[in-house]
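1. following is a predicted model, sequence given first.
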Amino acid sequence: MKLPLEISARDVRISDEIDQLIREKASKLDRFYDQIIGCRVKLDMPHRSRRSGTAYNIRIDITVPGSELVVKREPDEDLHAAIVSSFETAQRLLKEHAKKQRGDVKTHVEKPVARVARIFPEEGYGFLVTPEGREVYFHENAVLNGKFAGLNIGTAVTFTEGAGDEGAQASSVFVA
């Protein structure tokens, strides 16, 4: 961390044990993601109820290059558990932020579209033709929702392509 850890409290007394817990968890975040600029931890006790007892709010603000990550914990009766849970959430947020920085975000790959070119219902297989003119083999078991019997030449489908024993083979064939 480039800036020192800031710990503040409102209506909560921070014991040495709680202070040490926060510092250990913040240090772990710093080892987990080494580009943290600063971290602020705020503890407060918004209200006290005779029925539900003491409730604590935890807020962690983490400044990283180009962004600020915020973890806001809903009231919890156990201060220790609330701190641990908040730092676990902060760690997940940092992991997601690091993935975005590296470009490791999931991309949605469109399934290829094709048309049924030839079908052999008695033998239980057929061939699809892609817009590029490639033929792809498919078996009746690859057709989703048991719709093999309803396929006709020219039926539009989407599919997932894989390598078969004798070339390209379609799986997860879905009637579009």
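-> Here it is on my side, so go on.
2. drop to CA atoms for contacts and neighbour counts, all remaining ones
-> Will do.
3. how far does stretch 141-161 sit from its chain's centre?
-> Relative to its parent chain, stretch 141-161 has a centroid offset of 31 Å by Cα atoms, centre = their mean, to the nearest Å.
4. name the residues that touch it?
-> Outside of stretch 141-161, the residues within contact range by Cα atoms under 8 Å, 6 or more residues apart in numbering are 111-119, 121, 140, 168-176.
5. can you tell me the distance between the two ends of that stretch?
-> 14 Å (Cα to Cα, to the nearest Å).
6. contacts for the helix ranked longest in the chain, please.
-> In the chain, taking DSSP state H as the definition, the longest helix is helix 79-102. Defining contact as Cα under 8 Å, 6+ apart, one finds that helix 79-102 is touched by 18, 22, 25-26, 29, 32-33, 55-60, 69-73, 76, 105.
7. pLDDT at the residue of the chain positioned farthest from its centre, what is it?
-> Distance from the C-alpha centroid of the chain peaks at residue 122, with 44.1 Å (Cα atoms, centre = their mean). Looking at residue 122, its pLDDT is 94.
8. ok, residue 51 next?
-> Reading off the confidence values, residue 51 has pLDDT 56.
9. then residue 134?
-> At residue 134, the pLDDT value in this model is 91.
10. where does pLDDT dip in this protein?
-> 47-54, 76, 104-108 (pLDDT under 70).
11. pull the CA atoms of stretch 70-83 into CSV?
-> The C-alpha coordinates for stretch 70-83 follow below in CSV (Å, rounded to 0.1, in the frame of the first residue of the first chain):
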residue,chain,number,x,y,z
VAL,A,70,-16.1,-0.1,-2.0
VAL,A,71,-17.3,-2.8,0.3
LYS,A,72,-20.2,-1.8,2.5
ARG,A,73,-21.3,-4.4,5.0
GLU,A,74,-24.9,-4.5,6.2
PRO,A,75,-25.3,-4.5,10.0
ASP,A,76,-24.0,-7.6,11.7
GLU,A,77,-24.1,-8.4,15.4
ASP,A,78,-20.6,-9.9,15.5
LEU,A,79,-17.9,-7.4,14.8
HIS,A,80,-15.2,-9.9,14.2
ALA,A,81,-17.3,-11.9,11.7
ALA,A,82,-18.4,-8.7,9.9
ILE,A,83,-14.7,-7.6,9.5
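12. good, we can wrap up now.
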